[in-house]
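Visitor: Here you go, sequence then predicted model.
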Amino acid sequence: MWPRIGALRTLALGTPGELRATLNTLVLAGVKTATAGRLAEYAEEGEELEQVGERLVLVDDNDALAGVVEITGVEVVRFGDVPWEFARAEGEGDRSIEEWRAGHSAYWARLGTPVDDDTPIVCLRLRLVSGGEGGVASGDLGT
């Protein structure tokens, strides 16, 4: 199970350290409005897919609140079928779908979970609801 803050599931982007800090900054700046994950990770962690309208707590390396996002779209597609429009919405600076695929393939390989064109990928669309501790104070942790 993924950690919870209040009644909300957490969203820990990338790996701890510089990558997570960079990805969180992109979300908080409104640049990153999508993220991708392996479908197998949900089964491994005993988690269900996110639902449109669900709010998640974006966390930092210490599992502390960095912001709150709302899921605006959920789709499972083959890695080889992830569209450029989605990859661009990840906001990570990729200049083509080939560059996005190469970067994500290398990332998952480094984690010991290599992917191929047939690997099911969860494509999440999200929008920032609030950033930082203000989300707690303003009641944004409510669903």
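Guide: Great, that's in hand. What you see is a predicted model; the values in this text were computed from it and never measured. Residues are numbered from 1 along each chain as shown.
Visitor: Please make it C-alpha for all contacts and neighbour counts, starting now.
Guide: Will do.
Visitor: Please enumerate the strands of the protein.
Guide: Along the chain, counting by DSSP state E, strands occupy 4-5, 8-11, 34-38, 55-59, 65-78, 120-131.
Visitor: Tabulate these (TSV), appending mean pLDDT.
Guide: Output for the strands of the chain, formatted as TSV (pLDDT from 0 to 100):
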stretch	mean pLDDT
strand 4-5	88
strand 8-11	95
strand 34-38	97
strand 55-59	96
strand 65-78	97
strand 120-131	95
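Visitor: Buried deepest among those, which one?
Guide: strand 55-59 (a mean of 26; mean count of other C-alpha atoms under 10 Å).
Visitor: What about the closest residue to residue 88 other than its chain neighbours, how many residues nearby?
Guide: Residue nearest to residue 88 in three dimensions, not counting chain neighbours: residue 94, with 6.9 Å by C-alpha to C-alpha, 6 or more residues apart in numbering. For residue 94, the number of neighbouring residues by other C-alpha atoms under 10 Å comes to 17.
Visitor: where does residue 94 fall, phi/psi-wise?
Guide: Main-chain torsions, residue 94, degrees, to the nearest 10: phi -60, psi 140.
Visitor: That one contacts residue 100, doesn't it?
Guide: Yes - with contact defined as C-alpha atoms under 8 Å, residue 94 reaches residue 100; the gap is 5.5 Å.
Visitor: How much space separates residue 40 from residue 65?
Guide: 26 Å (C-alpha to C-alpha, to the nearest Å).
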